[in-house]
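Asks: this one's sequence-less:
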């Protein structure tokens, strides 16, 4: 502790924190480290370090402690009482290009928000200046007024290409923000009205995840990140229907992507049934299968909710454009109806009325395939 607290050598500090991180994997030692108030304060101060390896080891140690139920609340309270942690974390997320560090810091934030809604709310509302961070001791400069959403987006952009797990983490942080009204407001009431957030998530869904040339089983691999992204898009769409970026003429490819996700899930569902028969006598296999089905169900529910809301907003012109672009046809519409009915009957019925104006023959064919739909011209 004495060496760690007085060290001026970055590599020595990194080694000390790394050793503590390894020791914290043992419950008794983790409790001893967590209960040492002086050590706790010194560790939190390390988050303001300018040395990336030290920051990485500090974040790893914090995540280890936060993952221990017996001491997690001690660290949450300690962090809540140290407002400088917010600025340090935001500075890292907004300025670091070290993907490994960004992923670990993201995991810390994700864990904190998952553990304590009050802390999440305070960070959402935060934005005041404080003199912290890697500024030189004799410099009076303060860090900018950080806002949590832009910092999360910047970190997500850095990790998206190199680390799928890191992208998953940051998308889940955004999803956690949408679980409270203040979080949704922070996203959609940004200076750009939420356009940057929507653009990033739209691009991920339409151009990177679950693409036409991917095998259907890809949805199994991407189910958690897709669920987080679509959940945020759904919350934004429901609260910002007047924003230009949510207008349907700009989002027909998104409808096509949502239907493709549902189609791929149908393929995974059939495969799961086959696997369940083979694993009938294997308890572990059944448990894993049920867990996979659970996550896919969550994704399906979120996907259907967003799709139903978007279909209700379509005009004849939007529908014609969707037909022309290939996002809407008999196969995709049938798949959408199969998943949306009967829960979203009103949305399907509303869309079918518009579709009848755009393509009478297609609407008639769909009505024959789904007799429960009674649409009058």
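Replies: It's in. This structure is a prediction, so every number in the text was calculated from the model and none was measured.

Asks: quick one: the helices in the stretch 151-300 of the chain?
Replies: Counting by DSSP state H, counting those that start in this stretch, one finds helices in the stretch 151-300 of the chain at the ranges 164-177, 181-188, 195-207, 218-239, 252-278, 283-312.

Asks: for the ones you listed, which one sits closest to residue 61?
Replies: Evaluated over the helices of the stretch 151-300 of the chain, closeness to residue 61 peaks at helix 164-177, with 17.6 Å, by C-beta to C-beta. (Glycine included, C-beta is placed from N, CA and C.)

Asks: show me which positions of the closest one end up buried.
Replies: 166-177 (16 or more other C-beta atoms under 10 Å).

Asks: now swap in stretch 217-233 and tell me
Replies: 218-220, 222-233.

Asks: please apply the same query to stretch 148-162.
Replies: By neighbour count on 16+ other C-beta under 10 Å, the buried set for stretch 148-162 is 148-156, 158-160.

Asks: mean confidence for that stretch?
Replies: Regarding stretch 148-162, the rounded mean pLDDT is 96.

Asks: got a list of contacts for that stretch?
Replies: 89-90, 93-97, 99, 102-103, 105-106, 109, 123-124, 126, 166-167, 170-171, 173-174, 177, 186-187, 190, 196-197, 200, 204, 208 (C-beta atoms under 8 Å, 6 or more residues apart in numbering).

Asks: which among those count as buried?
Replies: For the contacts of stretch 148-162, a burial check counting by 16+ other C-beta under 10 Å picks out 89-90, 93-94, 96, 99, 102-103, 105-106, 109, 123-124, 126, 166-167, 170-171, 173-174, 177, 186-187, 190, 196-197, 200, 204.

Asks: ok, the nearest residue to residue 256 once chain neighbours are set aside - contacts?
Replies: Nearest non-adjacent residue to residue 256, counting by C-beta to C-beta, 6 or more residues apart in numbering: residue 327, 3.3 Å away. Residue 327 is in contact with 252-253, 255-256, 259, counting by C-beta under 8 Å, 6+ apart.

Asks: of these, keep whichever come out buried.
Replies: Neighbour-count burial (16+ other C-beta under 10 Å) is assigned, among these, to 252-253, 255-256, 259.

Asks: skipping adjacent residues, who's closest to residue 345 in space?
Replies: Once flanking residues are discounted, residue 345 sits nearest to residue 372: 7.5 Å by C-beta to C-beta, 6+ apart.

Asks: can you report how many residues neighbour the one you found?
Replies: Residue 372 sits with 11 neighbouring residues when counted by other C-beta atoms under 10 Å.

Asks: which SS class is it?
Replies: Following DSSP: H, G, I helix; E, B strand; the rest coil, we place residue 372 in the coil state.

Asks: any idea how far residue 336 is from it?
Replies: Distance of residue 372 to residue 336, given as C-beta to C-beta, to the nearest Å: 15 Å.

Asks: surely residue 74 and residue 35 touch.
Replies: Yes - assessed by C-beta atoms under 8 Å, residue 74 is found in contact with residue 35 at 6.9 Å.

Asks: name the residue in the two with the higher neighbour count.
Replies: Ranked by neighbour count (other C-beta under 10 Å), residue 74 and residue 35 place residue 74 first, with 18 against 11.

Asks: contacting residues around the more buried one?
Replies: Going by C-beta under 8 Å, 6+ apart, residue 74 touches 34-35, 40, 65.

Asks: quick one: which of these has the most company?
Replies: The most crowded member of these, judged by other C-beta under 10 Å, is residue 65 (25 neighbours).

Asks: contact partners of the helix or strand harbouring that residue?
Replies: Using DSSP states H and E, residue 65 falls within helix 52-66. Identification of contacts with helix 52-66 by C-beta under 8 Å, 6+ apart yields 10-11, 13-14, 17-18, 20-21, 24-25, 30, 33-34, 43, 46-47, 49, 71-72, 74-76, 92, 96, 98, 100-101, 104-105, 107-108, 111-112, 115.

Asks: what pLDDT, on average, does the helix or strand just after it get?
Replies: The first helix or strand that comes after helix 52-66 along the chain, using DSSP H and E, is helix 72-80. The pLDDT scores in helix 72-80 average 96.
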